[in-house]
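Enquirer: this one's sequence-less:
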């Protein structure tokens, strides 16, 4: 990460959750692969990359269509939801996630989440981390929120998330820093006019998105580059 400071200082931060804060992607992969192999169709890497960051409905339509599954998207979702109960227990944080969230909250930087999860899966994944998730000013459950009619990569998720800040409002969308792990999420944040830090999974080609900056891990993030308070250590 370069020592250069970006021109527009950041005042507000919005995080994605899956694969960015919580190590959920291997669990999603396991659940989806269980459903698709039930119909003799493995869940290939190329499709996994395209699915990351999308809403459950968009994911269902894509998987059913691309793999030619003999079920409807609604049937796929029903089967997948049953598998989630088997995989979303004791989901750990990804490296650097808890430290960064606590640091921003301690320094009174307004923070929020905009996740494509459904409400019931969000609750499963976060039930062991209630104390930390209470530090966020608000949490936008995009798949269930009536104000989000178009999921990521459409900008609407982050546009709505920014309007929900209560303590203060950013002067412009450029003062908002988005953290994402998916190409769809990067396009959503950039399309909303935010600055975006992308922390992609190892298997995701870096050519799939054009964020403000790309990191290998949240451990590599330096807040002062974006005009935020630096870590003490």
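Expert: Everything's here; your move. Since the model is a prediction, treat every value here as computed from it, not as a measurement. Numbering: from 1, shown residues only.
Enquirer: by mean pLDDT, point me to the weakest helix or strand of the protein.
Expert: helix 45-51 (a mean of 87; mean pLDDT, DSSP states H and E).
Enquirer: list the buried ones in the very next helix or strand once past it?
Expert: Moving toward the C-terminus from helix 45-51, the next helix or strand (DSSP states H and E) is helix 56-67. By 16 or more other Cβ atoms under 10 Å, the buried positions in helix 56-67 come out as 56, 58-61, 63-64, 67. Glycine gets a C-beta too; all of them are placed from N, C-alpha and C.
Enquirer: quick check: domain ranges of the protein?
Expert: 12-23+91-226, 25-87 (automatic domain parsing).
Enquirer: tell me how far the longest one lies from the chain's centre.
Expert: On the basis of Cα atoms, centre = their mean, to the nearest Å, the separation between the geometric centre of domain 12-23+91-226 and that of its chain is 5 Å.
Enquirer: hmm, back to that, of the domains of the chain, which is nearest residue 232?
Expert: Evaluated over the domains of the chain, closeness to residue 232 peaks at domain 12-23+91-226, with 8.3 Å, by Cβ to Cβ.
Enquirer: now do the end-to-end distance for the closest one.
Expert: 11 Å (Cα to Cα, to the nearest Å).
Enquirer: ok, residue 196 touching residue 190?
Expert: Yes - with contact defined as Cβ atoms under 8 Å, residue 196 reaches residue 190; the gap is 5.4 Å.
Enquirer: which residue ranges form the strands in this protein?
Expert: 12-15, 111-115, 138-141, 176-180, 195-198, 213-214 (DSSP state E).
Enquirer: for the protein, what's the longest helix?
Expert: helix 73-87 (DSSP state H).
Enquirer: helices or strands next to it in the packing?
Expert: helix 25-37, helix 56-67, helix 119-126 (3 or more Cβ pairs under 8 Å, 6 or more residues apart in numbering; DSSP states H and E).
Enquirer: for it, the distance to its chain's centre please.
Expert: 20 Å.
Enquirer: orientation of it relative to helix 25-37 in degrees?
Expert: 130 degrees (axes from the mean of the first three to the mean of the last three Cα atoms, to 10 degrees).
Enquirer: how about helix 73-87: buried residues?
Expert: 73, 76-77, 79-80, 83-84, 87.
Enquirer: over to stretch 223-233?
Expert: 223, 225-226, 228.
Enquirer: follow-up on the earlier one: quickly compare the domains of the chain and say which is most buried.
Expert: domain 12-23+91-226 (a mean of 19; mean count of other Cβ atoms under 10 Å).
Enquirer: for residue 56, give me its contacts.
Expert: The neighbourhood of residue 56, defined by Cβ atoms under 8 Å, 6 or more residues apart in numbering, consists of 77, 80, 116-118, 121, 143.
Enquirer: one more time with 7 Å
Expert: 77, 118, 143 (Cβ atoms under 7 Å, 6 or more residues apart in numbering).
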